[in-house]
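>>> Sequence first, then the predicted structure:
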Amino acid sequence: MILDRFSLKGKVAIVTGAGRGIGKGVALVFAEAGADLVCAARTVSEIEFTAAEIRKLGRKALAIPCDVRESQQVESMVNKALKKLGRIDILVNNAAGGSYAGSMEMSEAVFEADLRHDLTSVFMCSKAAAKVMLEQKAGSIINISSGYSQLPSLGMPAYGAAKAGINSLTRTMAWELAPYVRVNAILPGCICTEGAAMMMVGKAHDKIIDGTPMKRMGTPEDIGLAALYLASSASDFVTGRLFQIDGGIEFVPLSIEDFVPQQ
């Protein structure tokens, strides 16, 4: 049956930043599709909760604390996943963060720290997992980029620059790891997560919805379903590509005042 191509039965996936938001949404979609999961993040309680939900779906799940900014922790995470679950078929590079400041206010140290969190971490995780995938002669790496990788990232210059770097790294590693390992990226628009809920108040929320043809924010499950396609054999002929999952939104310029709740 053609729908069997979307099954992840027998596959093992690592999802970074799996404790909440997009990462948790992706992990749960993968579990429903039959995959066993490695949930990685810095906050142990959050990844333990995600892992527990996955086990309720009948799948195996490991909660491995990991700071993706630290190469030794990344290597340890991959080694533990391989030892406990026997293989690594899918990696979703989702963990990220960002500092809020204009380009003229942001310090060099903060800019470089954000690049390490959002870009260097993707390089390190991909390299570690790809070694295993190349030995298996099969694997899929999915990078969570951002719509701001292709637009002005006002108030978050390092974040936008890092996500643009992810797009380039995706294309480069797709060539380097082909034909055995596929590498693609998803560029989410505004997704309804815990972090977004704190920001999308006042005029910001209204401007985002008005600028989105689908007239709503996306959900972690929306991103999870796109990731499922890229993780499964349904996308065996797809690599080095960037997928915009954003409800059709175009650039919506926002100011600091837009984030202040209306009285």
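Done, it's in. Numbering: from 1, shown residues only.

>>> Gly155 and Ile208: what is the separation?
Shown here: Gly155 relative to Ile208, a distance of 14 Å by CB to CB, to the nearest Å. C-beta here means a position set from N, CA and C on the backbone, and glycine is covered the same way.

>>> Geometric centre of this protein: which residue is closest?
Asn94 (2.4 Å; CA atoms, centre = their mean).

>>> which residues does it contact?
Asn94 makes contacts with Val15, Thr16, Gly17, Ala18, Ile22, Gly23, Val26, Ile144, as judged by CB atoms under 8 Å, 6 or more residues apart in numbering.

>>> How much space separates it from Phe30?
12 Å.

>>> tell me how far the helix or strand harbouring Glu48 is from the chain's mean position?
Using DSSP states H and E, Glu48 maps to helix 44-56. On the basis of CA atoms, centre = their mean, to the nearest Å, helix 44-56 sits 18 Å off its chain's mean C-alpha point.

>>> re the thing from before, where does the residue nearest to the centre of the chain land on pLDDT?
Per-residue pLDDT puts Asn94 at 98.

>>> Point out where the stretch 51-200 of the chain drops to low pLDDT.
Within the stretch 51-200 of the chain, the set of residues satisfying pLDDT under 70 comprises 195-200.

>>> Try it again at 80.
Within the stretch 51-200 of the chain, the ranges that satisfy pLDDT under 80 run 194-200.

>>> Could I get the full set of strands for it?
For the stretch 51-200 of the chain, the strands defined by DSSP state E, counting those that start in this stretch cover 61-65, 90-93, 139-144, 181-188.

>>> Could you single out the most deeply buried of those?
Greatest average neighbour count among the strands of the stretch 51-200 of the chain goes to strand 90-93 (a mean of 30), per mean count of other CB atoms under 10 Å.

>>> ok, back up a step: ok, the residue nearest to the centre of the chain to Leu134 distance?
Asn94 is 22 Å from Leu134, by CB to CB.

>>> what do you get for Leu115?
For Leu115, the distance to Leu134 - CB to CB - is 26 Å.

>>> Same check on Arg5?
Applying CB to CB to Arg5 and Leu134 gives a distance of 23 Å.

>>> What of Pro188?
Taken as CB to CB, the span from Pro188 to Leu134 is 28 Å.

>>> one step back: the more surrounded of Leu115 and Leu134?
Leu115 (16 against 13; other CB atoms under 10 Å).

>>> if I pick the nearest residue to the more buried one once chain neighbours are set aside, what's in contact with it?
Among residues not flanking Leu115 along the chain, Ala162 sits closest, at 5.2 Å (CB to CB, 6 or more residues apart in numbering). If you count contacts by CB under 8 Å, 6+ apart, Ala162 has them with Ala96, Asp114, Leu115, His117, Asp118, Leu119.

>>> swap the cut-off to 6 Å and go again
Leu115, Asp118, Leu119 (CB atoms under 6 Å, 6 or more residues apart in numbering).

>>> Using TSV, lay out those together with distance to Gly247.
Shown next, in TSV, are these (distance: CB to CB, whole Å):
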residue	distance to Gly247
Leu115	28
Asp118	23
Leu119	25
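
>>> What is the nearest of those to Leu62?
Asp118 (24.2 Å; CB to CB).

>>> So for that closest one, what's the nearest residue that isn't a sequence neighbour?
Per CB to CB, 6+ apart, closest to Asp118 is Ala162, 3.5 Å.

>>> what's the spacing between the one you found and Ile2?
37 Å.

>>> Run the chain-centre distance for stretch 7-24.
9 Å.
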